[in-house]
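[1] dropping the sequence and predicted coords here.
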Amino acid sequence: MTLRFSVLASGSTGNAFYIESEKERLLVDAGLSGKQVDRLLGEVQVDPASLTGILVTHEHSDHIKGLGIVARKYNLPIYANEKTWKAMEGSIGKIALDQRFEFGLEQVKTFGDMDIESFGVSHDAAEPMFYTFHHQGKKVALVTDLGYVSERIKKTVEDADAYIFEANHDVGMLRMGRYPWNVKRRILGDSGHVSNEDSGLALSDVIGNRTKRIYLAHLSLDNNMKDLARMSVSNVLQERGFELDKRISIFDTDPNTPTKMYEVG
C-alpha cells in the first residue's frame, strides 16, 4: 500500500480529510460534530480508534468544530502552528498537554513512514496552512481556503499524484447572489476563496506527468454547483492542452458524503 485517502467532507458547512499509509492514519481538520466524523470514517471503513493524529489547517469553525471532542475521545495528538493554537484555544475545550504538538509553517515533519510538508496560504485566519503528503515517491496535495495561489504554493504542490483543490465559487453566481456586499468582497478578496476559473488556471500551472486525479473541494452551497465547478475547471484545463478522462480525472467532493477511498498508485 502507498497512500490512501478520502475527502470525508468538504464545503462551508464542515471539512475533514483522511489519509493513511502503512503506519499512519491521519485526520486533517474535524469541522463537523464528533458524531459526524465517526460516521464519515465508518463509511470508508476506518475505525476512528485507529487514528494516529489530527493535523489542523486553521481555526475557522468549519475546520475545527469537532476537533476537541474527537481528540479527547480517542486520545489523539493534535498538530497545529503556534498562532492557530492560540486562535482556537477558546473553541476546542481542554486539551491535555501531552496531546498538544506544534507543526510550524513551511516545515517538513515525519510521521512514521510519511513526510508531511506545511505551507502558508492567504486566508483570513491567524496563520492558515495546508499540506502535501509524501510516501514512497507518491505525493498528495491538499489546497483549499485561500484567496489566490501564489508562486511559492505552486512550487510546493507541483506534480502531485492527486490534488484536493479549492473551487469555491462561480464569480457570476457570487456577484448576483444574496450575500451582503462585505461578505462578497471578503470571498473575492486575496484572503478569501479561489473561484472555479482561478482553480483551473492554478491547476494548469501545477499538474505534472504523474497527476491522475483532481478533487474539487470547498464548493459554496450558495454560489456554486458541482456540475458548474467541474465544467469550468475542465474547460480551462482543456483550453490549456490537458487531456481529461484519458489521463486526468476530475471528481466532486461533498459536505455530507465521503469520496471513495483512493489508493495512489
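    Ah, there it is.

[2] quick one: residue 228 and residue 199, what's the gap?
    12 Å (CB to CB, to the nearest Å). In this view, the C-beta of every residue, glycine as well, is placed from N, C-alpha and C.

[3] of the two, who's got more company?
    Taking residue 228 and residue 199 together and counting by other CB atoms under 10 Å, residue 199 has the greater number of neighbours (29 against 17).

[4] excluding sequence neighbours, find me the nearest residue to that one.
    residue 167 (4.0 Å; CB to CB, 6 or more residues apart in numbering).

[5] the stretch 1-150 of the chain: helices as residue ranges?
    For the stretch 1-150 of the chain, the helices identified by DSSP state H, counting those that start in this stretch occupy 34-43, 61-64, 67-74, 82-88, in order along the chain.

[6] adding distance to residue 262 and mean neighbour count, write these out as CSV.
    CSV is the format used below for the helices of the stretch 1-150 of the chain (distance: least, CB to CB, whole Å; neighbours: other CB atoms under 10 Å):
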stretch, distance to residue 262, mean neighbour count
helix 34-43, 14, 18
helix 61-64, 22, 21
helix 67-74, 23, 20
helix 82-88, 28, 19
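
[7] what would the ones you listed look like in CSV with mean pLDDT and distance to residue 111?
    As requested, these are arranged in CSV below (pLDDT from 0 to 100; distance: least, CB to CB, whole Å):
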stretch, mean pLDDT, distance to residue 111
helix 34-43, 98, 18
helix 61-64, 98, 19
helix 67-74, 98, 16
helix 82-88, 98, 18
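
[8] which stretch among these comes nearest residue 254?
    helix 34-43 (10.3 Å; CB to CB).

[9] that closest one packs against which elements?
    Here helix 34-43 touches strand 4-9, strand 16-20, helix 67-74, going by 3 or more CB pairs under 8 Å, 6 or more residues apart in numbering; DSSP states H and E.

[10] columns distance to residue 180 on top of those, output as CSV?
    Shown next, in CSV, are those (distance: least, CB to CB, whole Å):
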stretch, distance to residue 180
strand 4-9, 26
strand 16-20, 28
helix 67-74, 29
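
[11] so which of those is nearest residue 187?
    Ranking these by proximity to residue 187 (CB to CB) places strand 4-9 first, at 19.9 Å.

[12] so what touches stretch 5-13?
    15-20, 31-32, 36-37, 40-41, 44, 46, 62, 133, 140, 144, 162, 164, 215, 217-221, 253-262, 264 (CB atoms under 8 Å, 6 or more residues apart in numbering).

[13] ok, now with 6 Å
    Applying CB atoms under 6 Å, 6 or more residues apart in numbering, the external contacts of stretch 5-13 come out as 15-19, 32, 40, 44, 62, 164, 215, 217-220, 253, 255, 258-259, 261.

[14] could you pull up the mean pLDDT of it?
    Mean pLDDT, stretch 5-13: 97.

[15] what residues of it count as buried?
    Applying a neighbour-count criterion of 16 or more other CB atoms under 10 Å, one finds 5-12 buried in stretch 5-13.

[16] so how far is it from its chain's centroid?
    Mean-position distance between stretch 5-13 and its chain equals 8 Å (CA atoms, centre = their mean, to the nearest Å).

[17] please apply the same query to stretch 117-133.
    Taking the mean C-alpha point of stretch 117-133 and that of its whole chain, the gap between them comes to 10 Å (CA atoms, centre = their mean).

[18] how about the helices of the stretch 1-150 of the chain in JSON lines, adding distance to residue 247?
    Rendered in JSON lines, the data for these read as follows (distance: least, CB to CB, whole Å):
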{"stretch": "helix 34-43", "distance to residue 247": "29"}
{"stretch": "helix 61-64", "distance to residue 247": "32"}
{"stretch": "helix 67-74", "distance to residue 247": "37"}
{"stretch": "helix 82-88", "distance to residue 247": "37"}
